[in-house]
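J.: Next input, structure requested:
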Amino acid sequence: MFEYLLRSSSCLAVLLLFYALFLERESLHRFKRLYLLLALVASFGIPLVSFTQYVVVSTNPAPPLLDAPVLQAQIRSETGPAYLPTLVWITYGTGVLVFTALFFKNLGQVLFNISRNTTLKKPPFTLVLLENTLLPYTFFNYIFLNKRQFKSQQIPREVLWHEETHARQKHSLDILLLEILQVIFWFNPLIYLLKHYVKLNHEFLADEGVLRQGIAIQAYQNTLVTFSSQAAHPRLTNAINYSLIKKRLIIMKKRTTKRDIWLRTAPLLPLFAFLLLGFSNRTTVLQEKNERSPREQEVLRQKAIVQQKKEPLISGEKDTVLTEIQQPLGHKAVQPAKTAASQVLRKPPSLSKNTIQRKAAVQSAPLKMGEPARSLPNSGLPTKIQVDRIAMSDVVVDRTAKKAVDVDVSPMPDGKTATDHIVGLVALGAIFDHNGKEISGEEAISLAEVTDFVVKRDDGNPQRLVVYLSEHRPKIRRTR
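T.: Numbering: from 1, shown residues only. Down below sits the predicted model:
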């Protein structure tokens, strides 16, 4: 709130300074009225405008933060005493109550004069004839005059035209608006200065309206000097003010040329642009710079898709894995195996009552359970192996490990063969390495019975398993 008030007051100060230096002494009274109202709106609106700036930053580590004790000490030193905000709000509330009471007192005085005194209709105006002696003044379409002076025709017609101009141009709306703002922002001296400029310009407009009736400037000036006095009038009204007569007499004689109009108004556009850029809010949004090339981004996206397809689908049945292999599986036919992946993955205890279903590939139609495996023409190779209900409870693979982990896959459980084990690893999307050379899944299956193998985790992708096959059994490190 304090920052907003500071920005708003700064805008209003700049606009009022421009008015005092370049516009006040010119005869552009209608334009000046519009300018003062726009200055009021701009001073409240510009601090609410927000511009968003996007900044691309590198992923460098953030600078070290201050230690907690030091930071807390700074916060305590900046906030000040705890009772200070309460004291400020009490002071502000007291000022609002006082100025609200004054506002309703002045408004009640005007309404009381309307209801308690004689009124005379003179469309579109209403003359209110008062018993006490005072200067004529106006409140909307009501013109207040001294009853004795009006009946004896001691009030000059120029004065009546002056007050009628106030009523016709609705100057009371401007005064009422400024009085309400003064109640809310009673602590801001710029509001009082703005009200002074507005009321003075109202007098310039009323004088201009009288002179347009054909009255000589010298005669009207003499009337103002002889008729005006220091008599009081309500604050919510417009009246002839003796203290402003001298400045009004000077402005009456001044004529502003078109060249002066252009010179005085041309700086307004850059002025408002300066205020908009200088006193509006700016929001900075930091964006990380993506240093990967489009090709690398596409590779990562494809890997994410493949990994997502390999994730198990959980259902509410018993622990099973349904695997379909849609690629040729080697140089000899292999019978379906139900528990070939039992040595590769142990399902977490939280999923012990769920079903894990996984599908892997083949290029031919699936076999039904119990149906003998079919072979490819002239090769003796099976075209499809369907592994149903593979138990996932014998070997643990630590998926959170960052380094390669050896998984002991021997000795084989009873009833399980090396081929069954390799089939399960193919179903899980493992990579096969034979004596330092990457081979396909079908080649690994064909070598299952004549080689030993060990399972590790890929260093680059911890979610992927790597199976190393060799004719000589390697030394196997068991997981703990």
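
J.: so where's the protein uncertain?
T.: For the chain, applying pLDDT under 70 flags the ranges 57-80, 228-243, 287-297, 306-416, 472-480.

J.: what about the longest helix in it?
T.: helix 84-116 (DSSP state H).

J.: Strands of the stretch 201-350 of the chain, start to end?
T.: 238-239, 281-288, 313-315, 323-325 (DSSP state E, counting those that start in this stretch).

J.: partners of the longest one, with directions?
T.: In the sheet containing strand 281-288, the strands it pairs with under DSSP bridges are strand 50-57 (parallel).

J.: helices and strands around the longest helix of the chain, which ones?
T.: Secondary-structure packing of helix 84-116 (3 or more Cβ pairs under 8 Å, 6 or more residues apart in numbering; DSSP states H and E): strand 125-130, strand 142-146, helix 171-184. Yep, even glycine has a C-beta here, placed from its N, CA and C like the rest.

J.: got a markdown table for those, with mean neighbour count and distance to Thr100 too?
T.: Compiled in a markdown table, the helices and strands packed on helix 84-116 are given as follows (neighbours: other Cβ atoms under 10 Å; distance: least, Cβ to Cβ, whole Å):
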| stretch | mean neighbour count | distance to Thr100 |
| --- | --- | --- |
| strand 125-130 | 18 | 26 |
| strand 142-146 | 22 | 23 |
| helix 171-184 | 17 | 5 |
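
J.: Of all the ones you listed, which one is nearest Thr91?
T.: Of all the helices and strands packed on helix 84-116, helix 171-184 sits nearest to Thr91, with 14.4 Å by Cβ to Cβ.

J.: Report the residue ranges of every domain in the chain.
T.: Using automatic domain parsing, the domain parsing of the chain gives 2-58+75-278, 313-480.

J.: can you tell me which residues contact the closest residue to Ser27 other than its chain neighbours?
T.: Leaving aside its sequence neighbours, Ser27 sits nearest to Thr256 (Cβ to Cβ, 6 or more residues apart in numbering; 4.7 Å). Thr256 is in contact with Glu26, Ser27, Leu28, Arg264, counting by Cβ atoms under 8 Å, 6 or more residues apart in numbering.

J.: Out of these, name the ones that lie in helices.
T.: Arg264.

J.: Report the buried residues of stretch 244-254.
T.: Leu244, Arg248, Leu249, Ile251, Met252 (16 or more other Cβ atoms under 10 Å).

J.: can you check stretch 158-173 too?
T.: 158-169, 171-172.

J.: Outside of stretch 84-92 itself, list whatever touches it.
T.: Phe187.

J.: List the buried residues of that stretch.
T.: Buried, per 16+ other Cβ under 10 Å, within stretch 84-92: nothing.

J.: Just the C-alphas of it, formatted as PDB.
T.: Extracted C-alpha coordinates of stretch 84-92, given in PDB (Å, rounded to 0.1, in the frame of the first residue of the first chain):
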ATOM      1  CA  LEU A  84       3.900   1.100  14.600                       C
ATOM      2  CA  PRO A  85       1.400  -0.200  12.000                       C
ATOM      3  CA  THR A  86      -1.400  -0.100  14.600                       C
ATOM      4  CA  LEU A  87      -0.500   3.500  15.500                       C
ATOM      5  CA  VAL A  88      -0.500   4.500  11.800                       C
ATOM      6  CA  TRP A  89      -3.900   2.900  11.200                       C
ATOM      7  CA  ILE A  90      -5.400   4.600  14.300                       C
ATOM      8  CA  THR A  91      -4.100   8.000  13.100                       C
ATOM      9  CA  TYR A  92      -5.500   7.400   9.600                       C
END
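
J.: ok now do Leu48, which residues does it touch?
T.: So Leu48 contacts Tyr4, Asn281 (Cβ under 8 Å, 6+ apart).

J.: Let me see the backbone angles for it.
T.: phi -90, psi -10 (degrees, to the nearest 10).

J.: And for Asn132?
T.: phi -80, psi 160.

J.: Pull the contacting residues for it.
T.: So Asn132 contacts Asn146 (Cβ under 8 Å, 6+ apart).

J.: if I look at it, how far off is Phe144?
T.: 10 Å (Cβ to Cβ, to the nearest Å).

J.: coming back round to it: counting neighbours, which bits of the longest helix of the chain end up buried?
T.: Neighbour counts over helix 84-116 (16+ other Cβ under 10 Å) mark Phe99, Phe103, Leu107, Val110, Asn113 as buried.

J.: With distance to Pro189 added, can I get those residues in TSV?
T.: Converted to TSV, the buried residues of helix 84-116 look like this (distance: Cβ to Cβ, whole Å):
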residue	distance to Pro189
Phe99	14
Phe103	18
Leu107	23
Val110	26
Asn113	31
